[in-house]
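Visitor: Attaching a predicted model along with its sequence, questions to come.
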Amino acid sequence: MRAVVFEEFGGPEVLHVQEVDEPHAGPGEVRVAVRAVGVNPVDYKIRHGWMEAAFPTQLPAVPGVEFAGIVDETGEGVTDFAVGDEVLGWSATGAYAPYALAGIVVAKPAGLSWDEAAALPVAGETALRVLDALGVRDGETLLLHGAAGSVGAVAAQLAVARGATVIGTASPANHDYVRSLGAVPVAYGDGLVERVRAAAPQGIDAVFDVSGKGALPASIELRGGTTDRIITIADMAAQELGVTFSSGGTPPEEQRAGLAENARLATEGALRVRIAGTFPLEEAAKAQEASEEGHAGGKLVITP
C-alpha cells in the first residue's frame, strides 16, 4: 500500500509517499480501512524528533494518531467489532495510510461525517482531560487561551455545557466564531490582563492554555499570583513558572467513554468541529506545514 513515511527527523520535506507492507490484525486487533485522518500538533512534533523522550519513534515511521474508517479485518478473539463496522479512534500503527491497525476505537454514529469523526479523538480527549484536572464546574469562570483552535473549540463547548463562563482568547478575525461556541472572546497580546478583567470582573477560577504563546505570566497574574488551577498543553515555559504541563495519560476505558460521548454530542449538534481544510495523502507535508504555522482556524484532515 502507499503510505506517508518519514525516515529521518526534520521539517515537512522529510515526509514522502512510498510503498509499505500492509498491516494485518493480530490477536485482539482490528484493521481499519482509513477514510479520514486528523492532523495534530503532535504529528509535526514527532516528525521533528521533539517527542523522543516521551514517545520514542522507530524509523521509518508512518504519522497519524487519530482516524475514522471501516473495520475490514479482525484478529483472533475480537468480539466488539466486525468487518464493515464504522469506527473512529486512535491508531496503533500510524494513520496516514489506506489501512491502519486500531488502538482505541468506538462506533461511529451514522450521522457523523468521516472528517468530523476523525477530528474528535485527540481534541476531545485533551479537552476532557484538562477540564477534569482543573475541576471546572457550574458557576465558575474559565480563561481559555487559543479558543478558536480545534482543542480550544471543543474545550469551550464542553466547559459551557458544564455551566462555566468561558473567556476565550483568539485573534479578532475569530471572535465571531468564539462567540458561536458560547464563549466571550478577547484578543491576545499586550493588554491581555486588562481586557480579561474587563470581560470577567468576577475573576478567573481556572486557566486552560492551548495556544502556548507566552500567556502563562498573564494567567498567573489573573489568578492572583498563584499557579494553582492553571494547566498548559503547549507552553514549554511551564516548568520554570511552576505551571502544570499536561501531555496525556487518560486510562483507555475513560478514553473510550469520553470519545463515544463526544461522538454522540457531535451527531446531535451539541458539539461542533470546524474543518479548516482537507488534503489528499500526497499533500501530507502541506497539511503538517499548515498545522505547524498555527493559523488554520480549525481542524485539518487528510483523506487517504
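Guide: Sure, I can see it. Numbers count the residues shown, from 1 in each chain.
Visitor: just the helices in the stretch 1-150 of the chain please.
Guide: All helices of the stretch 1-150 of the chain, identified by DSSP state H, counting those that start in this stretch, fall at 41-48, 114-118, 121-134, 150-161.
Visitor: Can you lay out those helices as JSON lines showing mean pLDDT and mean neighbour count?
Guide: For glycine as for every other residue, the C-beta is placed from the backbone atoms N, C-alpha and C. What follows is those, written out as JSON lines (pLDDT from 0 to 100; neighbours: other CB atoms under 10 Å):
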{"stretch": "helix 41-48", "mean pLDDT": "93", "mean neighbour count": "21"}
{"stretch": "helix 114-118", "mean pLDDT": "97", "mean neighbour count": "25"}
{"stretch": "helix 121-134", "mean pLDDT": "96", "mean neighbour count": "23"}
{"stretch": "helix 150-161", "mean pLDDT": "96", "mean neighbour count": "26"}
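Visitor: JSON lines for these, including distance to residue 83?
Guide: Below are the helices of the stretch 1-150 of the chain laid out as JSON lines (distance: least, CB to CB, whole Å):
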{"stretch": "helix 41-48", "distance to residue 83": "28"}
{"stretch": "helix 114-118", "distance to residue 83": "18"}
{"stretch": "helix 121-134", "distance to residue 83": "22"}
{"stretch": "helix 150-161", "distance to residue 83": "31"}
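Visitor: closest one to residue 229 among those?
Guide: Closest to residue 229 of these is helix 121-134 (CB to CB; 5.6 Å).
Visitor: Do you know the pLDDT at residue 77?
Guide: As predicted, residue 77 sits at a pLDDT of 93.
Visitor: For it, give me its contacts.
Guide: Residue 77 makes contact with 27, 28, according to CB atoms under 8 Å, 6 or more residues apart in numbering.
Visitor: ok, now residue 215?
Guide: So residue 215 contacts 145, 169, 188, 192, 209, 235 (CB under 8 Å, 6+ apart).
Visitor: Next up, phi/psi of it, please.
Guide: phi -90, psi 0 (degrees, to the nearest 10).
Visitor: Quick check: it vs residue 292, distance?
Guide: 19 Å (CB to CB, to the nearest Å).
Visitor: ok, now residue 40?
Guide: Distance, residue 40 to residue 292, using CB to CB: 11 Å.
Visitor: Looking at those two, which one has more neighbours?
Guide: Neighbour count, other CB atoms under 10 Å: between residue 40 and residue 292, residue 40 has more, with 24 against 17.
Visitor: ok, back up a step: for residue 180, which of the helices of the stretch 1-150 of the chain is the nearest?
Guide: helix 150-161 (9.4 Å).
Visitor: and the next element down the chain from that closest one?
Guide: strand 165-169 (DSSP states H and E).
Visitor: That following strand - contacts with which helices or strands?
Guide: Contact partners of strand 165-169 among helices and strands, from 3 or more CB pairs under 8 Å, 6 or more residues apart in numbering; DSSP states H and E: strand 141-145, helix 150-161, strand 184-186, helix 192-199.
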